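Participant: Curious how this folds, go ahead:
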Amino acid sequence: MPRLLLMRHAKSDWDHAGLADIDRPLNKRGRRNATEMGGWLVEQGAVPDLILVSPACRAQETIVLLTAEFGHSKPEVRTCEGLYPCSPQAIAQSIATVSDTLETILIAAHNPAMEIVVDMIGGRAEHFPTGAVADVEVVGRTWLAAVADSVGFFSHCELRQIWRPRTLFEDNDAKKR
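Facilitator: Residues are numbered from 1 along each chain as shown. All right, here's what the predicted structure looks like:
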């Protein structure tokens, strides 16, 4: 079954007055969390075959740091202009561009669209903070099925779990101090 990983970019830096939203970089915590999530995906056996990423600086930087942890398993990374700004339809349309031969894809984009899609898949409101990754199983559908039904596609997905950086790393770091 195809596996979809939905990732909200890591925490961005708001300390640059006058910088366009698309150009905002990650802050220190965001850089740390992106790196940690890369290692986590390796540990979970969830290294994607392909990454579709927003053109926004913070999303691009998240993916550079994430994939640096993958060792020799470097997936193809494609920038998708439609993922900034983002919508559920844009997410489905980006999925529709991938080959049906791929097993796992990761999409790195922005809220509120990422949280809306996770809520649609999970059937309830979910907290989807920066740096989080939703692990989704695509049931009975191919990637190309997203073309025919850009929103209904998500009703054929099952939310396995959500990995949140604060829960995985930061809460544990605070307990160690």
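Participant: On the three-state scheme, I162 is what?
Facilitator: strand (DSSP: H, G, I helix; E, B strand; the rest coil).
Participant: contacting residues around it?
Facilitator: By Cβ atoms under 8 Å, 6 or more residues apart in numbering, the contact set of I162 is V118, E126, F128, A132, V133, A134, D135. C-beta coordinates here come from the backbone N, C-alpha and C atoms, glycine included.
Participant: so how far is A20 from the residue lying closest to the second one once chain neighbours are set aside?
Facilitator: The shortest distance from E126 to any non-neighbouring residue, by Cβ to Cβ, 6 or more residues apart in numbering, is to V118 (5.1 Å). V118 sits at a distance of 27 Å from A20 (criterion: Cβ to Cβ, to the nearest Å).
Participant: Repeat that for Q89.
Facilitator: Q89 is 24 Å from A20, by Cβ to Cβ.
Participant: Ok, A108 next?
Facilitator: Between A108 and A20 the computed distance is 19 Å (Cβ to Cβ).
Participant: Can you pick out the residue with more neighbours from the two?
Facilitator: Using other Cβ atoms under 10 Å as the criterion, A108 and A20 rank with A108 on top: 27 against 9.
Participant: Which helix or which strand is home to that one?
Facilitator: Per DSSP states H and E: A108 is located in strand 104-109.
Participant: who's in contact with that strand?
Facilitator: Contacts of strand 104-109 (Cβ under 8 Å, 6+ apart): 2-9, 46-54, 59, 62-63, 66, 75, 83-84, 86, 90-91, 94-95, 98, 133, 143.
Participant: all helices for this structure, in order.
Facilitator: In the chain, the helices defined using DSSP state H lie at 28-43, 57-67, 88-95, 113-122, 145-148, 165, 171-176.
Participant: Output the fourth one as CSV, nothing but the C-alphas.
Facilitator: Coordinates of each C-alpha in helix 113-122 appear next as CSV, following Å, rounded to 0.1, in the frame of the first residue of the first chain:
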residue,chain,number,x,y,z
ALA,A,113,-3.8,23.2,4.6
MET,A,114,-1.6,20.5,6.2
GLU,A,115,-3.7,20.4,9.4
ILE,A,116,-7.0,20.4,7.3
VAL,A,117,-5.8,17.4,5.3
VAL,A,118,-4.7,15.6,8.5
ASP,A,119,-8.1,16.3,10.0
MET,A,120,-9.9,15.1,6.9
ILE,A,121,-7.9,11.8,7.0
GLY,A,122,-8.2,11.3,10.7
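Participant: residue ranges with poor pLDDT in this structure?
Facilitator: 147, 171-177 (pLDDT under 70).
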